[in-house]
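*Asks:* Just a sequence and a predicted model for now, questions to come.
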Amino acid sequence: MESNFFARLLRSPFFFAIILVIFLFSAWSLVNEYARRQKIQNQIQTEQAEIERLKKENQTLSDLIDQLRTNDYVEQEARSKLNLSKPGESLIVVEDPTSTAATGQQQPIWLKWWNLFFDDQKK
């Protein structure tokens with residue numbers, strides 16, 4: 001009697017429907033899990049690329065810091081920006097002969113502003 005019950009159960013449409021629902025649910029879960037894993041893998045690759053970019057940028061900045069800390073660079077900046085010189089050296093400053101300071105004529109402030117806003121636009 002029991003084997004007859006199981007045989008009827010296996011051939012029944014209700015059992016087939018339950019098995020089909022379980023199979024579809026499992027397939028849907030598997031597809032969702034695969035999509036989630038792909039999304040995570042893409043995020044990992046993106047983050048690894050960002051890490052590599054930041055490592056390169058960090059190395060570039062470290063190299064720049066090392067260069068800026070050298071005595072040659074400090075001396076060059078002191079000479080060019082601060083007009084400093086070593087003891088025993090003479091500093092020569094060449095002025096632009098077309099500037100108003102070199103000709104001794106001082107422009108009024110309103111003319112400087114006018115030239116700043118209107119005359120430079122022609123160039």
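*Replies:* Noted; the coordinates are in hand. Computed from a predicted structure; not experimentally measured.
*Asks:* mind listing the helices in this structure by residue range?
*Replies:* In the chain, the segments counted as helices under DSSP state H are 2-11, 13-68, 71-81, 100-103, 109-117.
*Asks:* what angle sits between the longest one and helix 71-81?
*Replies:* Between the axis of helix 13-68 and that of helix 71-81 there is an angle of 70 degrees, by axes from the mean of the first three to the mean of the last three Cα atoms, to 10 degrees.
*Asks:* what's the answer for the first one, then?
*Replies:* Calculated by the same axes, to 10 degrees, helix 2-11 forms an angle of 30 degrees with helix 71-81.
*Asks:* got the CA positions of helix 2-11 in PDB?
*Replies:* Coordinates of each C-alpha in helix 2-11 appear next as PDB, following Å, rounded to 0.1, in the frame of the first residue of the first chain:
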ATOM      1  CA  GLU A   2       2.800   2.400   0.800                       C
ATOM      2  CA  SER A   3       4.600   1.800  -2.500                       C
ATOM      3  CA  ASN A   4       1.300   2.400  -4.300                       C
ATOM      4  CA  PHE A   5       1.000   5.700  -2.400                       C
ATOM      5  CA  PHE A   6       4.500   6.800  -3.400                       C
ATOM      6  CA  ALA A   7       4.000   5.700  -7.000                       C
ATOM      7  CA  ARG A   8       0.700   7.700  -7.200                       C
ATOM      8  CA  LEU A   9       2.400  10.700  -5.500                       C
ATOM      9  CA  LEU A  10       5.300  10.700  -8.000                       C
ATOM     10  CA  ARG A  11       2.900  10.600 -10.900                       C
END
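*Asks:* Output the lowest mean pLDDT helix or strand found in the protein.
*Replies:* Taking mean pLDDT, DSSP states H and E as the measure, helix 100-103 is the helix or strand of the chain with the lowest mean score, a mean of 54.
*Asks:* And I109, how close does it get to D119?
*Replies:* 15 Å (Cβ to Cβ, to the nearest Å). For the C-beta atoms, the positions are set from N, CA and C on the backbone; glycine is no exception.
*Asks:* cool, and Q76?
*Replies:* According to Cβ to Cβ, Q76 and D119 sit 35 Å apart.
*Asks:* Same question for K81.
*Replies:* For K81, the distance to D119 - Cβ to Cβ - is 29 Å.
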